[in-house]
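Trainee: After the sequence you'll find the predicted model.
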Amino acid sequence: MKTPVKATLVTIAVVVVLVVAALIYVLVNQSQAAPPSSGDGSSSAQLVRENSHVLDDGGEGAVTVVEFLDFECEACGSFYPIVEDLREQFAGEITYVVRYFPLPGHFNSKNAAIAAEAAAQQDRFEDMYHRLFESQAEWGEAQESRADLFRGFAEELGLDMVAYDAAVADPSTTERVDQDFEEGRALGVSSTPTFFVDGELAQLQEWDDLENLVQAAVSGGQ
């Protein structure tokens with residue numbers, strides 16, 4: 001076979017491989033943010049369940065804000081200080097609820113959620129919540145398990161490590177995380193962070209949109 005022909009065939013083969021790789025990339029990313037499937041699951045989905053983690057309880061009549069988050073998500077990390085400011089600004093006027101939504105494309109997002117849930121079983125969810133976001137730059141986007149790092153956080157927090165290890169290994173802990181994720185999808189969540197203010201999906205375009213929505217909801221209830 002002549003050299004120019006070989007070169008042409010090699011070029012075609014490389015192009016085909018690149019096209020296939022691009023298609024696979026698109027399909028994988030679509031699956032990570034796939035819309036919720038229609039069916040009976042969505043009809044029973046609830047924004048807040050009895051086992052949902054409530055960071056602030058504003059009491060009867062308070063505006064309920066629900067956040068579906070991924071501890072590895074950079075956007076969630078960017079919203080973290082905004083959320084903390086909101087919690088302080090509207091203390092006593094809002095009930096703030098956090099639910100897990102670990103995206104499949106983030107290697108350690110589920111490990112982080114499991115660590116938070118294991119801490120929650122010792123009534124230390126909020127402490128681990130803060131620790132995970134404050135350290136996100138340290139472990140985010142790692143392509144190997146950082147479960148040992150999260151275990152170190154648990155030790156620093158003074159948790160019962162025997163109980164922590166047992167909770168991390170218990171399939172029911174993972175099931176608890178998966179429950180939030182699946183219910184989020186049924187509610188229309190496909191990315192993080194996703195917020196609901198008094199049951200309404202928050203459409204955010206600017207950084208202060210969430211504050212404005214909460215302020216409007218609080219003012220409307222007065």
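Mentor: That came through, no problem.
Trainee: so who does the residue most central in space within the chain touch?
Mentor: Among the residues of the chain, the one closest to the centroid is Asp70, at 2.0 Å (CA atoms, centre = their mean). For Asp70, the contacting residues are Cys76, Tyr100, Phe101, Pro102, Leu103, His106, Ser109, Ala113, Thr192, Pro193, by CB atoms under 8 Å, 6 or more residues apart in numbering. Yep, even glycine has a C-beta here, placed from its N, CA and C like the rest.
Trainee: so where is this protein shaky, pLDDT-wise?
Mentor: 1-43, 221-222 (pLDDT under 70).
Trainee: 90 - rerun?
Mentor: Along the chain, segments meeting pLDDT under 90 span 1-45, 60, 104-107, 140-145, 206-207, 220-222.
Trainee: what are the ranges of the strands in it?
Mentor: Assigned by DSSP state E, the chain shows strands spanning 53-56, 63-69, 94-100, 194-197, 200-201.
Trainee: Thr194: what's it in contact with?
Mentor: With CB under 8 Å, 6+ apart, Thr194 has these contacts: Glu67, Phe68, Phe101, Gly184, Leu201, Ala202.
Trainee: Give the buried subset of those as a ChimeraX selection command.
Mentor: For the buried members of these, the matching ChimeraX selection, counting by 16 or more other CB atoms under 10 Å, is:
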select :67,68,101,184,202
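Trainee: Quick one: closest of the strands of the chain to Met128.
Mentor: Comparing these against Met128 with CB to CB, the closest turns out to be strand 53-56 (10.3 Å).
Trainee: For that closest one, name the packing helices and strands.
Mentor: strand 94-100, helix 125-134 (3 or more CB pairs under 8 Å, 6 or more residues apart in numbering; DSSP states H and E).
Trainee: out of those, nearest to Leu210?
Mentor: Comparing these by CB to CB, strand 94-100 comes nearest, at 11.3 Å.
Trainee: Residues touching that closest one, excluding its own?
Mentor: Here strand 94-100 has contacts from 47-48, 52-59, 62-70, 83, 86-87, 113, 116-117, 125, 129, 177, 180-181, 183-184, 214, 218, using CB under 8 Å, 6+ apart.
Trainee: Kindly recompute the last result at 6 Å.
Mentor: Outside strand 94-100, the residues within contact range by CB atoms under 6 Å, 6 or more residues apart in numbering are 48, 52-58, 62-68, 87, 113, 177, 180.
Trainee: re the thing from before, how about the helices and strands packed on strand 53-56 in CSV, adding distance to Gly152 and mean neighbour count?
Mentor: Formatted as CSV, the helices and strands packed on strand 53-56 follow (distance: least, CB to CB, whole Å; neighbours: other CB atoms under 10 Å):
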stretch, distance to Gly152, mean neighbour count
strand 94-100, 21, 23
helix 125-134, 10, 19
